[in-house]
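Peer 1: Take a look and give me a structure for this.
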Amino acid sequence: MDKTGRTNSGSGKWDASRIPDLSGRTAVVTGANSGIGLAAAAELARAGAHVVFAVRDPERGRAAAAKVSGSTEVRRLDLADLASVREFAEGWEGPLDLLVNNAGVMMLPERRTRDGFETQFGTNHLGHFALTNLLLPHITDRVVTVSSGAHRMGDRVIHFENLNLDGVYSPQRAYCQSKLANLLFTLELQRRLTETGSRVRSLAAHPGWAATNLQSHTGNPVAHALMAVGNKVVAQDDKGGALPTLFAATQDLPGASYVGPSGPMEMRGAPTLVGRSAAASDVAAAKRLWTASEELTGVRFPVGAAA
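Peer 2: This next block holds a predicted model:
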């Protein structure tokens, strides 16, 4: 198999049956109680990993984990509350092979996290930024952060002077900014890991268009109707949407790789390496976002700890 996800035999398409044996490895998957997070967690556990469901609602997490074959546990994590993120990280002991930053919210009406950040930016980016850096001394293999093709949409910039989008908020603008932030975070994290001589890798993935409950919280009936049509006509299911995450989590890929579906417009299909926008490749913006994120969260890259 080459690093694009294509094999030299048979079907030429990578799927979850080709995940290697993960016995003895530990993975944390945020938002593992539903959607592509649950699908990814289930496949990692099936392959032998011990999978920690990091979820906001432990009761729902336990119900989801009960449906999964393999070794699992459930721990509370609310990415919209930095105190919860710190509590989760402080409770971690021992090595962690894989962190999957999967949880997210999508196109919500204007809201704030417990710490006062715009909810989509605060949850999708800042929560995972803090979690990753706090857990990094334990991580032995890689961090996979789930972004979206939406990083190419919206304003295609990080609004550094107005990260909360006060006065110019729209659900779409905020979501696109948060997904662009995910890719810039992945890029700068890999630069820092390389600079410190760490063997840990930072990668990103996107699911294409996957039919999940992520799309059900916009508060906009028209948006719900359009997404429902798209889910029936275009989307793949949550298992298909999880394949890019699983590919990034288990295959030998270079740091800062970005994985998505191989089909038309990257909407569906077997996972492969895909390109990122010019905005998501901006090294200066990635460094600036990192500095801003450190200031906002009070969490910093643990120099030397990940080497």
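Peer 1: give the contact list for the residue nearest to the spatial centre of the chain.
Peer 2: Centroid-nearest residue in the chain, with CA atoms, centre = their mean: Val146, separated by 2.5 Å. Residues in contact with Val146, defined by CB atoms under 8 Å, 6 or more residues apart in numbering, are 36, 100-102, 104, 182, 204-207, 245. From N, CA and C alone the C-beta is placed, and that goes for glycine too.
Peer 1: And the average pLDDT for the biggest strand by length in the chain is what?
Peer 2: In the chain, assigned by DSSP state E, the strand with the most residues is strand 139-146. Averaged over strand 139-146, pLDDT sits at 98.
Peer 1: Check which strands are paired with that strand and give the direction for each one.
Peer 2: strand 96-101 (parallel), strand 201-205 (parallel) (DSSP bridges).
Peer 1: show me the contacts for the nearest residue to Ser148 once chain neighbours are set aside.
Peer 2: Of all residues not flanking Ser148 in the chain, Lys179 sits nearest, at 4.1 Å (CB to CB, 6 or more residues apart in numbering). Lys179 sits next to 124, 147-148, 150-151 when contact means CB under 8 Å, 6+ apart.
Peer 1: re the thing from before, mean pLDDT and mean neighbour count for the strands paired with strand 139-146 - can I get that in JSON lines?
Peer 2: Listed next are the strands paired with strand 139-146 as JSON lines, based on pLDDT from 0 to 100; neighbours: other CB atoms under 10 Å:
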{"stretch": "strand 96-101", "mean pLDDT": "98", "mean neighbour count": "25"}
{"stretch": "strand 201-205", "mean pLDDT": "98", "mean neighbour count": "27"}
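Peer 1: would TSV of those with distance to Ala47 be doable?
Peer 2: Shown next, in TSV, are the strands paired with strand 139-146 (distance: least, CB to CB, whole Å):
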stretch	distance to Ala47
strand 96-101	11
strand 201-205	17
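Peer 1: Nearest to Thr297, out of these?
Peer 2: Relative to Thr297, the nearest member of these by CB to CB is strand 96-101, separated by 14.2 Å.
Peer 1: got the CA positions of the closest one in CSV?
Peer 2: Extracted in CSV, the C-alpha atoms of strand 96-101 (Å, rounded to 0.1, in the frame of the first residue of the first chain):
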residue,chain,number,x,y,z
LEU,A,96,-1.3,7.7,25.4
ASP,A,97,-0.6,6.4,21.9
LEU,A,98,-3.3,8.3,20.0
LEU,A,99,-5.4,11.4,20.6
VAL,A,100,-8.3,11.9,18.2
ASN,A,101,-9.6,15.5,18.4
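Peer 1: From the contact counts, what lies against the helix or strand following it?
Peer 2: Sequence order places helix 119-120 as the next helix or strand after strand 96-101, per DSSP states H and E. Packing partners of helix 119-120 (3 or more CB pairs under 8 Å, 6 or more residues apart in numbering; DSSP states H and E): helix 171-195.
Peer 1: quick one, the helix it packs on and strand 96-101 angle?
Peer 2: 160 degrees (axes from the mean of the first three to the mean of the last three CA atoms, to 10 degrees).
Peer 1: returning to what we had before: ok, the contacts of Val146 vs Ser17, which is closest?
Peer 2: Distances from Ser17 to these, taken by CB to CB, are shortest for Thr245, at 15.7 Å.
Peer 1: mind checking the SS state of that closest one?
Peer 2: helix (DSSP: H, G, I helix; E, B strand; the rest coil).
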